[in-house]
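J.: Build the 3D model from these lines:
(one chain, ligands or ions: 2)
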Amino acid sequence: MGREREEISPQAVAEQLALCERLRARLTAEGRQPLALVDTYGCQQNEADSEHLRGFLKQMGFAFTQDEFEADVIVVNTCAVREHAEQRVLGNVGALTHTKAKKPGQIVAVCGCMVQQPHMADKIRKSYRMVDLVFGPHELWRFPELLERAMEGRGRVFAADPFDGAVAEGLPVSRDGGVRAWLSVMYGCNNFCSYCVVPYVRGRERSRRPEDVLAEARRLLADGAKDITLLGQNVNSYGRDLGLNMDFSGLLRELNALPGDFRLRFMTSHPKDATERLFETMASCEKCAHHLHLPVQAGSDRVLRAMNRGYDAAGYLEKVELLRKYIPDIVLTTDIIVGFPGETEEEFEDTLRLVEKVRYDAMFTFIYSKREGTPAAKMPDPVSREEKQRRFDRLLETSNRISAEKHAAYVGQTLRVLVDGPGSGDYPLAARTDGGRLVHLRGSEENIGRFVKARITSGNTWALFGEVTDG
Ligand code: 5AD
Ligand code: SF4
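T.: Ligands and ions are numbered 1, 2, ... in the order given. Below is the predicted model:
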């Protein structure tokens, strides 16, 4: 592997910020308003990264647009988890040849996980000539410097070398101002699940210092955040690399003690590291949402072993049982991969059986996607795409039925929900329950951004419906 973990010094970050000011003076000369478009694919971590990209761009004087013909700078923040996302990115980036032809001088940057894979960076180098700048997730902290080099026009800029990963504090951030906010607590992953590309592109696990996490949480709360999602590929291993007396439960307790009326949730938790101490902490911290995303991936022990997940179905079910003892009303969600190489019909049915036992409130289901360089890519994969699709459809049917049953059980209840935005049609408000379920609400728009009481009147597979009772 390439370079090792590195903490980016405050001076190095300050230099990037100073460069933003110099670029601002240049870009906004003669009253010009430069425009940027940031397009984000993939997970919440990427959304959080894009908030930093926008933060930098704002400091450089950019305003934002959704129109690619109008943008002076286009940044595409990519995902590598499945092939489908990569194909969408390549299709959309390819189409930018037309916009560039109409807007000479436009800069196209492609960043994020997809381009951290050497074969993808090569592909862009050779076949996507309209791209001026390529940089991986580890280089985000020096985006101003890279953008300046690309704008100088002396050649294309590539910065996506292998790296275990950086931790940079004090990057600017531009949020949409809503009541929901992301807060990264750690980066990278050490688990090397056999199907997953993340450890190769996001590097080794590294935690932010607790004081930095707490300071950012205070800023978010001062800025109006009321529902904070702590982010990390595996938050349960938070702190292991810091050598401090602080684990994820400890961090949760400290965040819970911050003043204010807000909720804390987090993702993702790896089942092998989800402990009784975590469940106990969630139960005793009143600001911790009663929601846990606990990806099981498969219900067959052989498949779980081949996936290198570090638990078996019985062990997973025991944890769920323990969690429900601590928090009986926990909302449980999960990720499942269908059609892992060599998965048999019987093994797929083990997954269905596990799902029927756990009865998840919602599931994110995926058909296995082969990722170059991962161990699973070399495993024999004889099952046809059509068969995998049939399994996927069966799983989805099961999941939809259970979600609808779970949502039906809310009817008649009055719950505290956070109204996080406008809705549409008969339901002018969109809200979330403590467990993170979407509620389409009737009520006044003045409630946006507030916690309110809502009576649930109906539910379907995807959402609840109700009315505000106290606002
Ligand atoms: N194919 C399909 N799904 C995948 N995931 C990760 N890698 C792959 C892959 N190669 C899914 C897992 C993970 C979620 C974020 O994406 O279920 O939990
Ligand atoms: Fe990928 Fe497994 Fe790490 Fe999650 S825990 S990012 S699935 S390797």
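
J.: which residues of the stretch 1-150 of the chain score low on pLDDT?
T.: Under the criterion of pLDDT under 70, the regions of the stretch 1-150 of the chain flagged as low confidence span 1-5.

J.: all strands of it, in order?
T.: Under the criterion DSSP state E, counting those that start in this stretch, strands of the stretch 1-150 of the chain are mapped to 6-7, 35-40, 63-64, 73-78, 107-112, 133-135.

J.: can you tell which of the ones you listed is closest to ligand 2?
T.: Of all the strands of the stretch 1-150 of the chain, the one in closest proximity to ligand 2, counting by CB to the nearest ligand atom, is strand 107-112 (14.6 Å). Quick note: C-beta positions are derived from backbone N, CA and C, even for glycine.

J.: and Glu6, bridged to which residues?
T.: Ala166 (DSSP bridges).

J.: so who does it touch?
T.: Contact partners of Glu6, counting by CB atoms under 8 Å, 6 or more residues apart in numbering, are 165-167.

J.: re earlier: could you dump the strands of the stretch 1-150 of the chain into a markdown table with distance to ligand 1 added?
T.: Converted to a markdown table, those look like this (distance: least, CB to the nearest ligand atom, whole Å):
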| stretch | distance to ligand 1 |
| --- | --- |
| strand 6-7 | 26 |
| strand 35-40 | 15 |
| strand 63-64 | 27 |
| strand 73-78 | 15 |
| strand 107-112 | 15 |
| strand 133-135 | 22 |
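
J.: can you list the contacts of Glu6 in a markdown table and add distance to ligand 2 and neighbour count?
T.: A markdown table is the format used below for the contacts of Glu6 (distance: CB to the nearest ligand atom, whole Å; neighbours: other CB atoms under 10 Å):
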| residue | distance to ligand 2 | neighbour count |
| --- | --- | --- |
| Gly165 | 13 | 18 |
| Ala166 | 18 | 21 |
| Val167 | 18 | 19 |
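
J.: for these, which one is nearest ligand 1?
T.: Gly165 (18.6 Å).

J.: Chain neighbours aside, what residue packs nearest to the closest one?
T.: Using CB to CB, 6 or more residues apart in numbering and skipping the chain neighbours, the partner closest in space to Gly165 is Gly203 (3.0 Å).

J.: before we move on, what about Ala71?
T.: The shortest distance from Ala71 to any residue other than its chain neighbours is 4.0 Å, reached at Leu37 (CB to CB, 6+ apart).

J.: Give the burial count for that neighbour, as a bare number.
T.: Counted by other CB atoms under 10 Å, the residues lying close to Leu37 total 22.

J.: distance of it from Thr99?
T.: Summarising the geometry, the distance separating Leu37 from Thr99, computed by CB to CB, to the nearest Å, is 10 Å.

J.: about what we covered before: was I right about the residue nearest to Gly165 contacting Ala160?
T.: No - the pair Gly203 / Ala160 is not scored as a contact, 12.0 Å apart, by CB atoms under 8 Å.

J.: rewinding a little: shared neighbours of Leu37 and Thr99, anything?
T.: Each of 68, 71, 74 lies in contact with both Leu37 and Thr99 under the rule CB under 8 Å, 6+ apart.

J.: What's the separation between the first one and Ser50?
T.: Looking back up the chat, that one is Glu68. Taking CB to CB as the measure, Glu68 falls 16 Å from Ser50.

J.: of the two, who's got more company?
T.: Set Glu68 next to Ser50 and count neighbours by other CB under 10 Å: Ser50 wins out with 23 against 19.

J.: now that one, nearest residue through space, not along the chain?
T.: In space, not counting the residues next to it along the chain, Ser50 is nearest to Thr40; the distance is 4.4 Å by CB to CB, 6+ apart.

J.: Likewise for Ala217?
T.: Nearest in space to Ala217, with sequence neighbours left out and distances taken as CB to CB, 6+ apart, is Leu255 at 5.6 Å.

J.: Surely the one you found is within a strand?
T.: No - secondary structure assignment places Leu255 outside any strand; it is helix (DSSP: H, G, I helix; E, B strand; the rest coil).

J.: For it, list the residues it contacts.
T.: Going by CB under 8 Å, 6+ apart, Leu255 touches 213-214, 217, 228, 230, 264, 287.

J.: one more time with 10 Å
T.: Taking CB atoms under 10 Å, 6 or more residues apart in numbering as the definition of contact, the neighbours of Leu255 are 183, 185, 210, 213-214, 217-218, 221, 228, 230, 262, 264, 266, 285, 287-288.

J.: got it, and Glu446?
T.: When the contact criterion is CB under 10 Å, 6+ apart, the partners of Glu446 are 419, 429, 452, 468, 471.

J.: Provide the partner residues of the fourth one in its beta bridges.
T.: Here Val468 sits in beta bridges with Ala454, as judged by DSSP bridges.

J.: Met307 versus the residue nearest to Gly165, what's the distance?
T.: Between Gly203 and Met307 the computed distance is 21 Å (CB to CB).

J.: These two - which one has more neighbours?
T.: In this comparison of Gly203 against Met307, neighbours counted by other CB under 10 Å, the higher total goes to Gly203 at 26 against 21.

J.: pLDDT score assigned to that one?
T.: As predicted, Gly203 sits at a pLDDT of 93.

J.: shift numbering so it begins at 266
T.: Sure, I'll start counting at 266 from here, so that last one is Gly468.

J.: shouldn't it be in contact with Asp426?
T.: No - applying CB atoms under 10 Å as the test, Gly468 and Asp426 come out as separate, 11.3 Å apart.

J.: So which residues on this protein come close to ligand 1?
T.: When proximity is defined as CB under 6 Å from any ligand atom, the chain approaches ligand 1 at 346-347, 460-461, 560, 562, 600, 602, 631, 633-634, 636.

J.: if we go to 8 Å?
T.: Proximity of the chain to ligand 1 is assessed by CB under 8 Å from any ligand atom, with 308, 346-347, 458, 460-463, 533, 560, 562, 600-602, 629, 631-636, 639, 641 identified as the residues in range.
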